[in-house]
Every structure is written in C-alpha cells, then in structure tokens.
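Enquirer: What would the 3D arrangement of this be:
(one chain, ligands or ions: 2)
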Amino acid sequence: MKLFAHRGVSKHYPENTLASFRAAVKLPIEGVELDVHMTSDGEVVVIHDEKINRTSNGKGFVKDKTLAELRTYDFGSWFHKKFRGEKIPTLREVLEIFKHTNHLINIELKSDVFVYAGLEEAVLREVTAMGMQPRIIISSFDHAAIVRMKKLAPIACAVLFSNIILQPNEYRKALGIEALHVSKYVAKRKPIREAIEQGAVVRAYTVNNKEEAQQLANVGVEAIFTDDPELFL
Ligand code: G3P
Ligand code: MG
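Expert: Ligands and ions are numbered 1, 2, ... in the order given. Model prediction:
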C-alpha cells in the first residue's frame, strides 16, 4: 500500500507547515498531500481551512489577507509550544523542500468554498518554475477547477469525493482525469470497488489505523493519505 503524508506528518507536527513537510521528506513514502488557498494579493499558500482561526493565533479568512499579513501569525503554537514561530508556507517553499527527492506531491485546490480567480494558473506557474510537473498530482472537491487545470497543462489530476456517486469511473474518464481520491468510507462501497475492477486508480483519505488500511488494500485501493505514515512503515 502506497503512503501519502496527509498535510505532511500531521500527527506529530502542525499540519501544512514546513516542519510537517520536512518530517515527510525524510520518509520512504510515495508522497505528500497539501492544501492550497489564495491570499488577497494572489499568493498561493498552504493551509487547510478557509480561515486561519483553527491553526494559528490569528483570525479571519485567508482570502482577505495579504501574504505579508499572514506571515505575522504563528501557525505552530496551537499544536505545541515547541513549534512556536512556524509560519504559513507558500506553495513555493513546500515545493523547494521536495525539489531533490522522488516524492509525489498532491496539491489539493481548496476552491470548493470560495472562488479563487487564477488559482489554477498560479499553482501551475509555481510547479513549472520548479520543473516539478512530472511529480505533481492536482486534486480538488471543486471538479470545475480540475477540468480547468487539465485544459491548461498535461498534469496528473484527481477528482475528490466525500460521498458516493454512481459510475465514478465513467465520470473520471469523461473528464479525462487520472485518479479518484475518495473518503475511506466511499472507497469500500460498490461503485468504487467496480471502478477499481475497471482499472481506476483509487486513493483513500484519511487512514490512521492498520486494520482500515488492510481492508482498503483488499479492495484494491492504491494508496492512502495518512497523518501518521510511520505507523505503516
Ligand atoms: O486530499 C485528501 C484529503 O486531504 C481531502 O480532505 O479535508 O483533509 O483536505 P481534507
Ligand atoms: Mg486535503
């Protein structure tokens, strides 16, 4: 079973920070997953929520703040005081950590709540500038963003599902997308099992125990997103 460190090694480090990605880079795993939003001045930053409230000492929406303003907040202390001073990373900074490794990098576009005009182009610019396209997988619950990304560049993409749909493999193929990223609950249901039998690449989130991982492996899930990759190594 292939492993992706979900938001970095987020069990032991504050999620989506350079600390969590530096921990992932040392591990012999398939790759890493991270989430991106856009600042008011058009920078691509790595954070899960639309707001900074849960994972920093600040408040408010990422979309309403400049990168400079976001950089004034502490994104480590909420997790543990030893991570005080962790800043919100830009996508570029995270890509730099993985520049000379073989890890795949799954960039999840978090444009399913707010529209971030130009997010796909901005992500593609960063990835291209680093020459890392062959190791990138773009995913999103915002399937329109994935379709736009596919029109922009020949880059591997995945559509994300938290709920079951019928004929997911037909849907994937109709959009010209490489993979299905689904919740661990959806992964075990019949439509996804059939999609796997038809040859679809399916990866499942978020799996933090061995029994669940084994069940997913049994149905042919290719990879799991986990907060704790070392549990499976
Ligand atoms: O990309 C897989 C997974 O991260 C999707 O859910 O909420 O953890 O971003 P979430
Ligand atoms: Mg995610």
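
Enquirer: So for the strand or helix carrying residue 45, what gets flagged as buried?
Expert: Using DSSP states H and E, residue 45 maps to strand 44-46. Neighbour-count burial for strand 44-46, counted by 16 or more other Cβ atoms under 10 Å, picks out 44-46. (Each C-beta comes from the backbone N, C-alpha and C, glycine too.)

Enquirer: now swap in stretch 58-77 and tell me
Expert: 58, 61-62, 65, 67, 70, 73-77.

Enquirer: Among the residues you listed, which one lies nearest to residue 134?
Expert: Nearest to residue 134 among the buried residues of stretch 58-77: residue 67, at 27.6 Å, using Cβ to Cβ.

Enquirer: Across the sheet, point out what pairs with whatever residue of the chain ends up closest to ligand 1.
Expert: Relative to ligand 1, the nearest point of the chain is residue 205 (3.8 Å; Cβ to the nearest ligand atom). Beta-bridge partners of residue 205, counted by DSSP bridges, are residue 183.

Enquirer: Go ahead and confirm it touches residue 227.
Expert: No. Counting by Cβ atoms under 8 Å, residue 205 stays clear of residue 227, with 9.8 Å between them.

Enquirer: Now for these two: what residues contact both?
Expert: residue 6 (Cβ atoms under 8 Å, 6 or more residues apart in numbering).

Enquirer: More neighbours: these two, which one.
Expert: Neighbour count, other Cβ atoms under 10 Å: between residue 205 and residue 227, residue 205 has more, with 23 against 20.

Enquirer: now the more buried one: how far from residue 186?
Expert: Using Cβ to Cβ, to the nearest Å, residue 205 is found at 10 Å from residue 186.

Enquirer: what do you get for residue 105?
Expert: 23 Å.

Enquirer: more neighbours, these two?
Expert: residue 105 (24 against 20).

Enquirer: So which bits of the helix or strand containing residue 171 are buried?
Expert: Residue 171 belongs to helix 168-175 when assigned by DSSP H and E. Neighbour counts over helix 168-175 (16+ other Cβ under 10 Å) mark 168-169, 171-172 as buried.

Enquirer: Distance from the chain centre to that helix, please.
Expert: 21 Å (Cα atoms, centre = their mean, to the nearest Å).

Enquirer: Packing partners of that helix?
Expert: Helix 168-175 is packed against helix 143-152, strand 156-161, strand 179-183, helix 190-197, with contacts defined by 3 or more Cβ pairs under 8 Å, 6 or more residues apart in numbering; DSSP states H and E.

Enquirer: try 10 Å
Expert: If contacts are counted by 3 or more Cβ pairs under 10 Å, 6 or more residues apart in numbering; DSSP states H and E, helix 168-175 sits against helix 143-152, strand 156-161, strand 179-183, helix 190-197, strand 201-205.

Enquirer: Parallel or antiparallel, list what pairs with the second one.
Expert: The reference is to strand 156-161. Strand 156-161 is paired, per DSSP bridges, with strand 136-140 (parallel), strand 179-183 (parallel).

Enquirer: Any idea which of those gets closest to ligand 2?
Expert: For these, the distance to ligand 2 is smallest for strand 136-140, at 7.8 Å, taking Cβ to the ion.
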